[in-house]
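K.L.:
Below is the structure, and that's it, no one-letter string:
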């Protein structure tokens, strides 16, 4: 089975065209080698998919000619424990980085003061 078709069936990409584009750009490797869209995959192959900021290292468990439900797609591969740990750690890091206070709708006077306090730093609390 072709790698582009398998990546689409395993739901790593929404369309085969996106899968081909990623493969051609060099973001997919099979058994440590850069792949081409027509590269044949079989159960037991190791695939690395780089979709910034994440990298998925997976092992092919089964093949499928059609794109089925998510539960069927997850049965087509297994992710390596190292890859899963890296992704979880990166996800936690990305969540911990805050871009500042989140404002919803029109800010209130308190929201404005909180924002200014955050913007200037916690040491300027006496000014408000």
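P.N.:
Received, thanks. For clarity, every value in this text was computed on a predicted model and none was experimentally measured. Residues are numbered from 1 along each chain as shown.
K.L.:
Tell me how far the closest residue to residue 63 other than its chain neighbours lies from residue 25.
P.N.:
The shortest distance from residue 63 to any non-neighbouring residue, by Cβ to Cβ, 6 or more residues apart in numbering, is to residue 1 (4.7 Å). For the C-beta atoms, the positions are set from N, CA and C on the backbone; glycine is no exception. Distance of residue 1 to residue 25, computed by Cβ to Cβ, to the nearest Å: 21 Å.
K.L.:
Can you pick out the residue with more neighbours from those two?
P.N.:
Taking other Cβ atoms under 10 Å, residue 1 and residue 25 do not tie; residue 1 has more neighbours (14 against 9).
K.L.:
Run a quick neighbour tally on residue 36.
P.N.:
14.
K.L.:
surely it meets residue 23?
P.N.:
Yes: Residue 36 lies in contact with residue 23 (Cβ atoms under 8 Å); the separation is 6.7 Å.
K.L.:
shared neighbours, these two?
P.N.:
residue 3 (Cβ atoms under 8 Å, 6 or more residues apart in numbering).
K.L.:
May I ask you to name the longest helix in the protein?
P.N.:
The longest helix of the chain (DSSP state H) is helix 81-96.
K.L.:
ok, the residue nearest the centre of the chain - contacts?
P.N.:
Closest to where the C-alpha atoms of the chain average out (Cα atoms, centre = their mean) is residue 54, at 4.6 Å. Residues near residue 54 by Cβ under 8 Å, 6+ apart: 87, 90.
K.L.:
Equivalent analysis for residue 47, please.
P.N.:
3, 28-30, 41, 56-60, 77.
K.L.:
repeat that with 10 Å
P.N.:
By Cβ atoms under 10 Å, 6 or more residues apart in numbering, residue 47 lies in contact with 3, 6-7, 10, 12, 28-31, 35, 39, 41, 56-60, 77.
K.L.:
Check these for burial and list the buried ones.
P.N.:
3, 6-7, 10, 12, 28-30, 35, 39, 41, 56-58, 60, 77 (16 or more other Cβ atoms under 10 Å).
K.L.:
and those, which of them are in strands?
P.N.:
Mapping the buried ones among the contacts of residue 47 onto strands (DSSP state E) picks out 28-30, 56-58, 60, 77.
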